[in-house]
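*Asks:* I'd like to go over a predicted model; first the sequence, then the structure.
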Amino acid sequence: MSREEMLRQMIDDYRRKIDTYQSMIREWETELGVNGKVSYGSESHAAPSDSKKKTSPGETISLVKEYQFYNKSQPDAAKLFLELVGHPLRTAEIIEGIEKGGVKVGGKTPKDKKTNLYTILHRGEDFALVGKDAWGLTSWPGVKKEKEAKDEDAKEEKKE
């Protein structure tokens with residue numbers, strides 16, 4: 001691989017990471033009720049505008065068609081839904097999306113359903129927590145399982 005190709009690949013990787021981080025920030029801002037402003041220390045900055053269309057939490061469910069995930073397992077449906085949305089989602093949002101798509105999430109109460117899916121996602125190789133009750137895909141840049149992140153940190157410390 002030439003230096004130019006390597007640099008282009010690195011630029012693409014970092015742009016994907018930036019997109020992921022901006023999506024996470026938007027999600028947390030929505031949770032906090034802060035829209036359009038990002039606060040760093042004592043300064044406030046306008047949130048960066050994206051050239052790509054991003055979905056707001058209310059729009060994520062509208063992306064799912066009825067029976068879109070029919071005959072899929074819960075983890076497969078959750079993965080497809082997260083890929084469709086393109087940014088991290090909370091467990092309850094994932095449940096709502098995959099149920100709209102035709103997958104039944106086990107549990108009698110909403111709390112039971114949430115506990116069930118949370119456990120399934122936590123055990124799955126494709127999912128990682130990116131915040132409190134917010135899930136991303138490990139295939140996304142910067143998203144790693146806790147164990148993988150700790151292992152990498154240990155390797156870095158060993159090198160030094």
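*Replies:* Alright, I've got the coordinates.
*Asks:* which residues of the chain fall in helices?
*Replies:* Ranges of helices within the chain are 3-32, 57-60, 74-85, 91-100, 110-123, 146-159, based on DSSP state H.
*Asks:* Please name every helix or strand in contact with the fifth one.
*Replies:* What that stands for is helix 110-123. When contacts are defined as 3 or more Cβ pairs under 8 Å, 6 or more residues apart in numbering; DSSP states H and E, helix 110-123 packs onto helix 74-85, helix 91-100. Every C-beta, even on glycine, is put in place using the N, C-alpha and C of the backbone.
*Asks:* coming back round to it: got TSV for the helices of the chain, with mean pLDDT too?
*Replies:* Putting the helices of the chain into TSV (pLDDT from 0 to 100) gives the following:
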stretch	mean pLDDT
helix 3-32	79
helix 57-60	67
helix 74-85	94
helix 91-100	95
helix 110-123	95
helix 146-159	62
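*Asks:* could these be laid out in a markdown table, adding mean neighbour count and distance to residue 67?
*Replies:* Formatted as a markdown table, these follow (neighbours: other Cβ atoms under 10 Å; distance: least, Cβ to Cβ, whole Å):
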| stretch | mean neighbour count | distance to residue 67 |
| --- | --- | --- |
| helix 3-32 | 14 | 27 |
| helix 57-60 | 14 | 18 |
| helix 74-85 | 20 | 11 |
| helix 91-100 | 21 | 9 |
| helix 110-123 | 15 | 19 |
| helix 146-159 | 10 | 34 |
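*Asks:* wait, what's in contact with the residue nearest the centre of the chain?
*Replies:* Central residue of the chain (Cα atoms, centre = their mean): residue 88, 2.1 Å from the mean position. For residue 88, the contact set (Cβ atoms under 8 Å, 6 or more residues apart in numbering) comprises 20, 23, 24, 27, 82, 130, 131, 134, 135, 136, 143.
*Asks:* measure it to residue 141 for me?
*Replies:* Note on residue 88: its distance to residue 141, by Cβ to Cβ, to the nearest Å, is 13 Å.
*Asks:* joint contacts of those two?
*Replies:* Common neighbours of residue 88 and residue 141 (Cβ under 8 Å, 6+ apart) are residue 20.
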